[in-house]
Each structure stands twice: as structure tokens, then as C-alpha cells.
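1. Got a sequence here, can you model it:
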Amino acid sequence: MKLPKLSRLKVRLFLIVFTSTAVIGGCTVLLMFFIAYQNKLQEGEQQINQLMDTVEYSAAIAGYSGNKEIANDVIKGLLRSDNVCQARLYNKAGLDVSAKKYATNDKCPEIITHSLRSPFDDKETIGYLETRMDSSLIKAHAYHQAGQLALSLLALIILPGLVIWQTIARLITIPIHHLSRQLHQITPGTNARISSITGQKEDEIVQLVHDVNHLLGVVEDTLNEEREQRLLIDEMQQKYQHLAHHDMLTGLPNRSLFADRLQQMLAQAKRGASHGALIYLDLDKFKPVNDTLGHNIGDLVLVSIAQRLQAAVRESDTVARIGGDEFVVLLPVIETRQDASTVAEKIRFALAQPFEISGHTIQIGCSLGIAVYPEHGEDEISLMKNADSAMYQAKQNGRNNVQMFHNELNPYSGYL
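-> Just a heads-up that it's a prediction; the model follows:
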């Protein structure tokens, strides 16, 4: 009868168990060392955690304020402990203070990290306090305790125990730690993969590596798909947000966004006791352009008008399209009424110049009405109404001119 073939890992484990039974004394020494080491490790970690809890408030103050002096005091306080060989305090704002006892971290593999909470908001993480445990001292204590037991045993028993320790490390611990380190070093989005150091073509660790690499590939593909979908969603949200507040043809702010800008201007002007102005603009002779040349040419004219309007004002001013051939210009800060009139004349002159559109020379003009805050209104409705009245007065005065609002205006009379 043919026996089933055992896997290499099972054979190794069998050899380790068989050898262990022959050198029970050595295993006892190793067990005592392990227990002593773990106890010291837990004791050292507990002491470090207590010490970190003690300085956590000061560390949080340093992380919140970015005060390097307080951070240095915290680091120095931590390094006074025999169990701490390195300490570091850092936050997202660029604060990074650290100190260590040794040139390398070989003696300090264990890292303990505490998240620092804001002194004013327990839910807000403002930085991190990180320490490394000095395992060399812990190992020294563990070796001391195990050595006391080892003195009572024969060298013949101790030597096989060391051989078993090295065998386990070589056959199992080292490859697994190697894989673990590689996994911890993998960064999502880098297409990184892990490799085996066992040197065997067929064993469980190699198979595990293949399975993990396959899983990493699946995760990588999923992350890429989610990233692309998130970018697409963000792009669509930005597009919809823009369309909700801007005119689709000219790209200028629409009535909704203009109303928000007007409210902001009024609030700022009231706080600073400053002056602002609203210019209401209606195109002259634009309807014949649509009737004779078509709406496509009319749309191109409107786009060119929007460009000229933007070129005629400051970056801090707002140009909006609120109707078919109606535009408004918001001047949030002016010194005198003349400033608003100057801008309006500049706009009138710019739009009075001929437009060359698709082989057509088009001549139009505009009528402009001005309302100044606070003389002509202290709220949105009053300013819009009075600027509109002034614009109609400009129409009555023969079009293609600028009219400043005054109380004697009789809006809409005689205008067709």
C-alpha cells in the first residue's frame, strides 16, 4: 500500500517535534526565556504606555500649537525611561521632533504609537506620539532569568535546544517574517508583489506567496476601479455645480449666483460702511440680429459680448447674464458715483465697436442704468429695481447711453 506523500512543511514540523522530545531540557530553557521575555515585554510596554499617557496632554498641546519647545520637553521626558530608546512627536502641519539613544533601530523593533487628540475636540486627531521600546534591556533581563535555569542543566541538553531554536527560525520564522515585512511595506496603487526566500519550488509558503499575490492583484484592480469611479463622480459633481450657477452659453454667472454675490456685497458694504454699484445693461438692436442672421450668429454675438464685458471690468467685479439680452455688472467697492459711471461708459464704448462674426460685421449698442449703494437702495430688490429704472430712462433718452438713477425717474413711461 502506497503511503500518501507528506508535504515538506509537515515533514519539517515532524522533525522539529521529534527532536524537541529528545532535548526537553533545552526546550524548557527556551520556554522560560520566552515567558520571561514576554513578561518583560508586556511590563515594558505597560510602563511606556503609562509614561505616554502622563505626557499625552503636553504632547497634544505641542501638536495643536506646533510648539517645538514643548515637543522637545516631551521627547526628553520619554527618553529618561530605560525602556524607551527612541521617541517622536509629529503632526500633519509639519511638526516633527524626534530623538533616539542608538544610531540604528536594530535594538528597538517594537513601536508604540498614541494618537493625539485636540485639547478642544476629543474626536479630532491632531498628531501622533511614537516611541520605540528598548528590546535590548528586555532581552538582557530575559537572558538573565533563563541563564539561572540553564546553569542547572547540562551543556549536552542546552546545545540541542539552541539547534532547535535555529532550525525553527530557519524553516518557519524567517520566511514568515520575510513575507510579513514585505506585506507591511506594500503601498496601495504601486502594483507591488511579494516573494519567497525558502528556495523551494513547491511548498506551502511558496503557494501562500502565489495566493497573496493573486489577492493583491484583485485588490489593486478594485482600487483602480474605485479610484476611476471616484474621479468621474467628482468631475460630474463639479460640472453640475458649475452649470447650476453659470449661464450655459456665455459661461457667465447666472441670476442665482449673481444674487448670492449681491448679498455678499451688501453685507460687506454694511460692515465696512463702503459704497458699491449695480449696472443694469440691455442690448440695443439685438433682436434684428437673431431675426436676420439667425440664432446661431446671435449666440456667437452674446459670447463675444460676455468676453468684452469681462475685459472691461476688474477681476473683483461680477458680470452676469440674467436674461436673453440683459446683463448686470456688480461693482462691490467704489469711491464715488463717478467710478461707476466711468466703468459704465467703458462698457458702452466696448460694446459699441463692431463685431466680426462669421463674415458678418454687426453693429449693436447698449443702454445702461446705474444704482449706487446705499444712496439708491440698501437691499437687493431696491438696487435691482432702481438700476432697471435708470436703464429704461437710458432707452428713452435715445439708447446707447448711460443713466444714473435719481428719484424723479418714472420707469417704463413711453418705452416700447
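2. now the strands for the stretch 101-250 of the chain?
-> Taking DSSP state E, counting those that start in this stretch, the strands of the stretch 101-250 of the chain run over residues 110-118, 121-133.
3. residues of the first one that come out buried?
-> Right, strand 110-118. Buried residues in strand 110-118, counted by 16 or more other Cβ atoms under 10 Å: 110, 112, 114, 116, 117. Just so you know, the C-beta spots here come from the backbone N, C-alpha and C atoms, and that holds for glycine as well.
4. ok so, going back, among the strands of the stretch 101-250 of the chain, which is nearest residue 295?
-> strand 121-133 (55.2 Å; Cβ to Cβ).
5. Could you check the angle that closest one makes with strand 110-118?
-> Computed with axes from the mean of the first three to the mean of the last three Cα atoms, to 10 degrees, the direction of strand 121-133 lies at 160 degrees from that of strand 110-118.
6. Only C-alpha atoms, please: export strand 121-133 in PDB.
-> What follows is strand 121-133, C-alpha atoms only, in PDB (Å, rounded to 0.1, in the frame of the first residue of the first chain):
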ATOM      1  CA  ASP A 121     -12.200  68.300  20.500                       C
ATOM      2  CA  ASP A 122     -11.700  64.700  21.600                       C
ATOM      3  CA  LYS A 123     -12.800  63.500  18.100                       C
ATOM      4  CA  GLU A 124     -10.100  65.400  16.200                       C
ATOM      5  CA  THR A 125      -6.700  63.700  15.700                       C
ATOM      6  CA  ILE A 126      -4.000  66.400  15.500                       C
ATOM      7  CA  GLY A 127      -0.900  64.300  15.600                       C
ATOM      8  CA  TYR A 128       0.900  61.200  16.900                       C
ATOM      9  CA  LEU A 129       3.300  60.400  19.700                       C
ATOM     10  CA  GLU A 130       5.500  57.400  18.800                       C
ATOM     11  CA  THR A 131       8.100  55.500  20.900                       C
ATOM     12  CA  ARG A 132      10.300  52.600  20.300                       C
ATOM     13  CA  MET A 133      10.900  50.000  23.100                       C
END
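7. Tell me where the model's unsure across the stretch 151-300 of the chain.
-> Flagging of the stretch 151-300 of the chain using pLDDT under 70 yields the residue ranges 151-180, 183-185, 187-205, 207-208.
8. now do 80
-> Scanning the stretch 151-300 of the chain for pLDDT under 80 picks out 151-224, 233-235, 238-240, 242-243.
9. for residue 300, what are its contacts?
-> 357, 358 (Cβ atoms under 8 Å, 6 or more residues apart in numbering).
10. And it, how far from residue 93?
-> Distance, residue 300 to residue 93, by Cβ to Cβ, to the nearest Å: 50 Å.
11. Residue 397 now?
-> Going from residue 397 to residue 93 by Cβ to Cβ gives 60 Å.
12. can I get the strands of the stretch 101-250 of the chain in CSV with distance to residue 48?
-> Formatted as CSV, those follow (distance: least, Cβ to Cβ, whole Å):
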stretch, distance to residue 48
strand 110-118, 6
strand 121-133, 6
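13. what's next to stretch 317-330, contact-wise?
-> Residues outside stretch 317-330 that contact it (Cβ under 8 Å, 6+ apart): 247, 249-250, 252-255, 257-258, 261-262, 265, 276-283, 286-287, 302, 305-306, 309-310, 313, 331-332, 343-344, 347, 384, 387.
14. Just the buried ones out of those, please.
-> 247, 250, 252-254, 257-258, 261-262, 265, 276-283, 286, 302, 305-306, 309-310, 313, 331-332, 343-344, 347, 384, 387.
15. Domain boundaries for the chain, per the record?
-> Structural domains assigned to the chain are 8-153, 255-404, following automatic domain parsing.
16. from those, which stretch is densest packed?
-> A comparison of the domains of the chain by mean neighbour count, using mean count of other Cβ atoms under 10 Å, puts domain 255-404 on top with a mean of 18.
17. ok so residue 372 is a strand residue?
-> Yes. Counting by DSSP: H, G, I helix; E, B strand; the rest coil, residue 372 falls inside a strand.
18. will you turn the strands of the stretch 101-250 of the chain into a markdown table that also has mean pLDDT and distance to residue 293?
-> Shown next, in a markdown table, are the strands of the stretch 101-250 of the chain (pLDDT from 0 to 100; distance: least, Cβ to Cβ, whole Å):
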| stretch | mean pLDDT | distance to residue 293 |
| --- | --- | --- |
| strand 110-118 | 84 | 64 |
| strand 121-133 | 83 | 61 |
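19. Out of those strands, the one nearest residue 230 is which?
-> strand 121-133 (23.0 Å).
20. Does anything pack onto the closest one? Which helices or strands?
-> helix 24-65, strand 84-91, strand 110-118 (3 or more Cβ pairs under 8 Å, 6 or more residues apart in numbering; DSSP states H and E).
21. following the first one, which helix or strand comes up?
-> Where DSSP states H and E defines the elements, the next helix or strand beyond helix 24-65 is helix 68-79.
22. quick one on the thing from earlier: closest one to residue 47 among the strands of the stretch 101-250 of the chain?
-> Nearest to residue 47, of the strands of the stretch 101-250 of the chain and by Cβ to Cβ, is strand 121-133 at 9.5 Å.
23. The closest one: partners in the sheet, and parallel or antiparallel?
-> Note on strand 121-133: by DSSP bridges, its sheet partners are strand 84-91 (antiparallel), strand 110-118 (antiparallel).
24. Compute the inter-axis angle for it and helix 24-65.
-> Going by the same axes, to 10 degrees, strand 121-133 makes 140 degrees with helix 24-65.
25. ok, and what's touching strand 121-133?
-> Contact with strand 121-133 is made by 41, 44-45, 48, 52, 55-56, 59-60, 63-64, 74, 78, 83-92, 95, 100, 105, 108-118, as judged by Cβ under 8 Å, 6+ apart.
26. For stretch 382-400, C-alpha coordinates in PDB please.
-> Backbone C-alpha positions of stretch 382-400 (Å, rounded to 0.1, in the frame of the first residue of the first chain) are rendered in PDB as follows:
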ATOM      1  CA  SER A 382     -34.300  98.200  -4.400                       C
ATOM      2  CA  LEU A 383     -31.000  98.300  -6.200                       C
ATOM      3  CA  MET A 384     -32.200  96.000  -9.000                       C
ATOM      4  CA  LYS A 385     -35.400  97.900  -9.400                       C
ATOM      5  CA  ASN A 386     -33.700 101.300  -9.500                       C
ATOM      6  CA  ALA A 387     -30.900 100.200 -11.800                       C
ATOM      7  CA  ASP A 388     -33.600  98.800 -14.100                       C
ATOM      8  CA  SER A 389     -35.500 102.100 -14.000                       C
ATOM      9  CA  ALA A 390     -32.300 104.000 -14.900                       C
ATOM     10  CA  MET A 391     -31.700 101.600 -17.800                       C
ATOM     11  CA  TYR A 392     -35.200 102.300 -19.100                       C
ATOM     12  CA  GLN A 393     -34.600 106.000 -18.800                       C
ATOM     13  CA  ALA A 394     -31.400 105.500 -21.000                       C
ATOM     14  CA  LYS A 395     -33.700 103.800 -23.500                       C
ATOM     15  CA  GLN A 396     -36.000 106.700 -23.500                       C
ATOM     16  CA  ASN A 397     -33.000 109.100 -24.000                       C
ATOM     17  CA  GLY A 398     -32.200 107.600 -27.300                       C
ATOM     18  CA  ARG A 399     -30.500 104.300 -26.400                       C
ATOM     19  CA  ASN A 400     -26.700 103.700 -26.300                       C
END
